[in-house]
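Asker: structure for this input, please:
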Amino acid sequence: MSEYKVSRRYATSLLESAIEKNTLDSIASDIELVASTLDANRQLVHALSNPVIRPNVKLKVLEEIFKSRVNPDTMNFLKFLVEKNRQNLLESISKIFLELRDEHLGIVNVEVTSALAFNDEQTERLKNSLERFLSKKVRLNFKIDSEIIGGFVAKVGDTVFDASLIHQLDLLKVQFLKGGASLN
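Answerer: Next comes the predicted model:
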């Protein structure tokens, strides 16, 4: 079975358990902590994946890092992963869990690339417009790219909303070329 399928099964199981026990917010917060810890510490990821390191050592490391910082259910889940020798999937399980949580809550992540940072009013207007259009709650993630000159590009899954100045100039160029006019 592929790593993705296994990770998805564990993530789905954790999500269903959290929903059933009404601890979704707490567990999700814990998994965000786990994901950010793994992302910030690649040595930990390598240690968890290393077959030479014994499972009891991996468990002690996870307990040392997380036991006082996470819900007991989350800690039990981490122990369960070590018992099943799936700790190497913790990074992908965390990512998939957070995606499933967002899906369950009707939240969609939108990657917004703009030439300049948005102010609070612009951010709120864009968020409200996208929420109306998508009929979902929107979580905006911003990235600055001066190459787009002005405007923004919003990406939701595979859908791209391109309101960048560079895109508008490209469209104008195509229109001029179709009309027989030249930009030169």
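Asker: what's near enough to touch Gln87?
Answerer: Under the criterion of Cβ atoms under 8 Å, 6 or more residues apart in numbering, the neighbours of Gln87 are Leu48, Ser49, Pro55, Lys58, Leu62, Leu78, Leu81. For glycine as for every other residue, the C-beta is placed from the backbone atoms N, C-alpha and C.
Asker: do you know how far it is from Glu63?
Answerer: Distance, Gln87 to Glu63, by Cβ to Cβ, to the nearest Å: 12 Å.
Asker: just to revisit the earlier point, in helices, which of the contacts of Gln87 fall?
Answerer: Among the contacts of Gln87, the members falling in helices (DSSP state H) are Leu48, Ser49, Pro55, Lys58, Leu62, Leu78, Leu81.
Asker: next one, pLDDT for the nearest residue to the fifth one once chain neighbours are set aside please.
Answerer: Counting by Cβ to Cβ, 6 or more residues apart in numbering, Leu62 lies nearest to Leu78, which is 5.0 Å off, once chain neighbours are set aside. As predicted, Leu78 sits at a pLDDT of 96.
Asker: which helices and strands does the helix or strand where Lys127 lies pack with?
Answerer: Counting by DSSP states H and E, the element that carries Lys127 is helix 120-134. In this structure, helix 120-134 packs against strand 107-114, strand 137-144, strand 151-156, with contacts taken as 3 or more Cβ pairs under 8 Å, 6 or more residues apart in numbering; DSSP states H and E.
Asker: lovely, talk soon.
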